[in-house]
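**Student:** Quick check, what structure comes out for this input:
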Amino acid sequence: MLSQTEENYIKAIYNLSLSKSKRVSTNLIAKRIETKASSVTDMIQKLSEKGLVDYIKYQGVCLTDSGYKIAVKVVRNHRLWEVFLVDKLSYNWDEVHELAEQLEHIKSNDLTEKLDAFLNYPSHDPHGDPIPDKEGNITHHKNIMLSSVQPNEQCVVIGVMDSSSTFLKYLDRAGIELGSIISILRIEEFDGSMEVKINGNQCSLSNQITKNLYIKKQSL
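**Tutor:** This is a model prediction of the structure:
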């Protein structure tokens with residue numbers, strides 16, 4: 001049995017490894033967990049002794065097969081609870097992360113599987129992140145960002161890279177949600193901002209926004 005803190009470290013390493021190289025630095029983990037690098041080193045040593053991570057000094061840390069299985073299970077729990085909170089309890093998508101952070105540590109495989117069935121086996125959470133199945137299989141985004149789309153192309157929003165409450169609230173105000181259709185009218189050469197139509201309504205999006213939206217291109 002692992003503590004919540006240990007599970008949080010394992011999940012942090014898993015998430016960081018998706019966007020970085022296989023090995024993750026202790027400084028990145030410290031920033032993610034919001035703690036001191038020395039605390040990370042101590043925890044990594046404990047997880048290494050349990051066979052959950054492989055750490056090489058100056059090269060970083062990666063999950064072992066055992067650590068990966070635990071990480072995927074925690075991620076699965078977290079994302080299923082987010083779906084439950086939004087779909088069944090009518091929370092907004094910017095309100096559920098902290099609640100799911102607490103619920104993800106409930107250690108009951110039976111509850112997880114019943115929750116999955118109750119929700120009709122969702123493939124993605126409210127932010128568009130894929131939910132691992134009960135075998136731990138997961139299909140990630142192809143990492144196509146809105147910032148890479150060219151003028152006169154059309155796409156649909158399928159996820160967010162930044163799932164912070166402030167960003168999600170901004171998207172709400174801008175009328176952007178999963179499934180929104182975006183047509184690119186013009187890209188500003190100076191700063192990469194875009195003039196777009198979102199579900200038919202014209203507006204401007206900064207580069208900071210467009211590089212945090214996962215999209216799927218559509219034929220016009």
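**Student:** Mind pulling up the pLDDT for the nearest residue to Lys134 once chain neighbours are set aside?
**Tutor:** Excluding its sequence neighbours, the residue lying closest to Lys134 (C-beta to C-beta, 6 or more residues apart in numbering) is Glu113, at 6.3 Å. To be clear about C-beta, it is placed using only N, CA and C from the backbone, and glycine gets the same treatment. In this model, Glu113 is scored at 96, pLDDT.
**Student:** Need the residue closest to the centroid of this structure.
**Tutor:** The residue lying closest to the centre of the chain (C-alpha atoms, centre = their mean) is Asp129, at 5.4 Å.
**Student:** Could I get the phi/psi values of it?
**Tutor:** phi -80, psi 140 (degrees, to the nearest 10).
**Student:** so the residue nearest to Lys134 is in which element?
**Tutor:** Assigned by DSSP states H and E, Glu113 falls within helix 109-118.
**Student:** So which elements touch that helix?
**Tutor:** helix 65-87 (3 or more C-beta pairs under 8 Å, 6 or more residues apart in numbering; DSSP states H and E).
**Student:** The helix it packs on: how far from the chain's middle?
**Tutor:** How far helix 65-87 lies from its chain's middle: 11 Å, per C-alpha atoms, centre = their mean, to the nearest Å.
**Student:** Skip the chain neighbours and tell me the closest residue to Ser39.
**Tutor:** Leaving aside its sequence neighbours, Ser39 sits nearest to Ala30 (C-beta to C-beta, 6+ apart; 7.3 Å).
**Student:** how about the one you found, phi and psi?
**Tutor:** Per-residue torsions, Ala30: phi -60, psi -40 (degrees, to the nearest 10).
**Student:** dump the residue contacts of the residue nearest to the centre of the chain.
**Tutor:** 79, 159, 163 (C-beta atoms under 8 Å, 6 or more residues apart in numbering).
**Student:** Lovely, talk soon.
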